[in-house]
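> this one's structure only:
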């Protein structure tokens, strides 16, 4: 990109980076929806997966809802919206049940699955970077990941973020 197009500041006006730190079903949607939408609009998008966001790059996804500590989570039920009290989250199987309910609701409403959104991101050339430190810390390997994932560290993301017009932490 020429200096005239970026005002001489080195920032690519058509770029976005996202740090993905959470890997639950409900937290997986925002980064994948935003990244695929931005890529469809012509932005160069990089996603940096670290800590609990890293499993979103695994070949096999086992995503669950995080109802504990989320008082805003209300599901459409019996003609209204019902919240789940935190106490219920302590009961074995409640998160699994809530996850099944959410997946069924999304399917019924035509919302793409995380697997589909992730595949769309790969097809749209979204740059997917797995945090090397997180891989080492939790004893994962590149073989656990889908194809096309790069490895990098904090310095990798900082270099990308310094040149990105939009930087998100999710």
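Structure's in. What do you need? What you are looking at is a predicted structure, and each value in this text was computed from that prediction instead of being measured.
> Mind jotting down where the strands sit in the chain?
Assignment of strands within the chain using DSSP state E yields the ranges 12-20, 44-49, 74-77, 80-83, 127-131, 150-152, 164-169.
> Throw the ones you listed into TSV and include distance to residue 66 and mean neighbour count, thanks.
(Each C-beta comes from the backbone N, C-alpha and C, glycine too.) Listed next are the strands of the chain as TSV, based on distance: least, CB to CB, whole Å; neighbours: other CB atoms under 10 Å:
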stretch	distance to residue 66	mean neighbour count
strand 12-20	15	21
strand 44-49	17	25
strand 74-77	14	12
strand 80-83	14	11
strand 127-131	20	23
strand 150-152	26	16
strand 164-169	17	16
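> Please tabulate these in JSON lines, including the columns distance to residue 137.
As requested, those are exported to JSON lines (distance: least, CB to CB, whole Å):
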{"stretch": "strand 12-20", "distance to residue 137": "16"}
{"stretch": "strand 44-49", "distance to residue 137": "13"}
{"stretch": "strand 74-77", "distance to residue 137": "34"}
{"stretch": "strand 80-83", "distance to residue 137": "34"}
{"stretch": "strand 127-131", "distance to residue 137": "9"}
{"stretch": "strand 150-152", "distance to residue 137": "13"}
{"stretch": "strand 164-169", "distance to residue 137": "19"}
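> Of these, which is nearest residue 102?
Checking the strands of the chain against residue 102 by CB to CB gives strand 74-77 as the closest, at 7.4 Å.
> got a markdown table for the strands of the chain, with mean pLDDT and distance to residue 109 too?
Formatted as a markdown table, the strands of the chain follow (pLDDT from 0 to 100; distance: least, CB to CB, whole Å):
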| stretch | mean pLDDT | distance to residue 109 |
| --- | --- | --- |
| strand 12-20 | 96 | 23 |
| strand 44-49 | 98 | 25 |
| strand 74-77 | 67 | 10 |
| strand 80-83 | 68 | 15 |
| strand 127-131 | 98 | 27 |
| strand 150-152 | 97 | 33 |
| strand 164-169 | 96 | 25 |
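> And those: which comes nearest residue 115?
Counting by CB to CB, and looking across all of those, nearest comes strand 127-131 at 13.9 Å.
> which residues touch the closest one?
Counting by CB atoms under 8 Å, 6 or more residues apart in numbering, the neighbours of strand 127-131 from elsewhere in the structure are 44-51, 54, 57, 121-122, 142, 145-146, 148-154, 156-157, 160.
> What of stretch 148-164?
With CB under 8 Å, 6+ apart as the test, stretch 148-164 has contacts from 10-12, 15-17, 19, 46, 48, 57, 122, 127-133, 135, 142, 167.
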